[in-house]
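J.: any chance you can model this:
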Amino acid sequence: MTTELLAALIVFSFVSSITPGPNNLMLLSSGVNFGFSRTIPHLAGICVGFTLMVALVGLGLGGMFKLYPALLTLLKFAGAAYMLWLAYRLACSGPVAEGERRGRPMSFLQAAAFQWVNPKAWVMAVYANATYAQNQNYLTGVLIVTLVFGIVNGPCISSWALFGAGMKRFLADASTMRLFNIAMAVLLVASLWPIFSEAS
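T.: Okay, here's the model as predicted:
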């Protein structure tokens, strides 16, 4: 991979990882509701799950969508249904009282599994491999794409959880916290629009 192509890949991985999407919105909400330390398993699950997805897509899983385009449509609707359910749970959740365990943040396994129904994660993984792994040594290209996302993605998404944890003290009031959760639920649903507005 040339230096120019590697630089472009790093920029793409940074921009796509740090911009709003289902993962980042849920991390922001988790940081507000549960704090940063309790959100770490959620963070780790995203990092491992998404990095694994990038590798598997590069190794041929993405080619299934070319052979069976209906699978991508099915995935989009399954992911949307799950995200609507998450948005409903988020909108209905109240503040986590200090010293109480009212609710739980997403676990490592739940966050890792969520990547497989996250439309934005699929678009990122397929596009990155199709664009940046196409060189004379394809397997090396896939490895580089996977490593870059593995390195860049973690700090980017962590910033959302940290920002949420920092906002927690400003949302101590129960009604304010409820409004925040409802707003995050609406944004989570809105994050589906770019995926479904693209031509299939």
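
J.: which residue packs closest to residue 50, ignoring adjacent ones?
T.: Nearest residue to residue 50 in three dimensions, chain neighbours excluded: residue 115, at 4.9 Å (CB to CB, 6 or more residues apart in numbering). Where C-beta positions appear, they are placed from N, C-alpha and C, glycine not excepted.

J.: let me know the secondary structure of that neighbour.
T.: Recorded secondary structure, residue 115: helix (DSSP: H, G, I helix; E, B strand; the rest coil).

J.: do residue 105 as well
T.: Using three-state DSSP, the structure places residue 105 in coil.

J.: distance check, it against residue 166.
T.: Distance from residue 105 to residue 166, counting by CB to CB, to the nearest Å: 16 Å.

J.: between the two, which one's more packed in?
T.: residue 105 (23 against 12; other CB atoms under 10 Å).

J.: next up, the contacts around that one.
T.: Listed by CB atoms under 8 Å, 6 or more residues apart in numbering, the contact partners of residue 105 are 30, 33, 34, 38, 39, 41, 42.

J.: okay, who's weakest in those residues by pLDDT?
T.: Lowest in pLDDT among the contacts of residue 105 is residue 33, which has 84.

J.: can you point me to the longest helix in the chain?
T.: Using DSSP state H, we find that the single longest helix of the chain is helix 138-167.

J.: show me the shaky parts of the protein.
T.: Scanning the chain for pLDDT under 70 picks out the ranges 61-66, 72, 75-76, 79, 90, 93-103, 135-136, 171-174, 188, 191-200.

J.: how about 50 then?
T.: 98-101, 199-200 (pLDDT under 50).

J.: I'd assumed residue 155 was in contact with residue 14.
T.: No - using CB atoms under 8 Å, residue 14 is not in contact with residue 155, being 9.2 Å away.

J.: neighbour count: the two, which is higher?
T.: Taking other CB under 10 Å, residue 14 and residue 155 do not tie; residue 14 has more neighbours (16 against 12).

J.: the more buried one and residue 106, how far apart?
T.: Distance from residue 14 to residue 106, counting by CB to CB: 24 Å.

J.: what's the residue closest to the geometric middle of this protein?
T.: Centroid check for the chain by CA atoms, centre = their mean gives residue 23 as the closest residue, at 3.0 Å.

J.: and that residue, what element?
T.: If you go by DSSP states H and E, residue 23 is part of helix 22-34.

J.: could you point out the helix or strand that follows that helix?
T.: Next helix or strand after helix 22-34 toward the C-terminus (DSSP H and E): helix 36-56.
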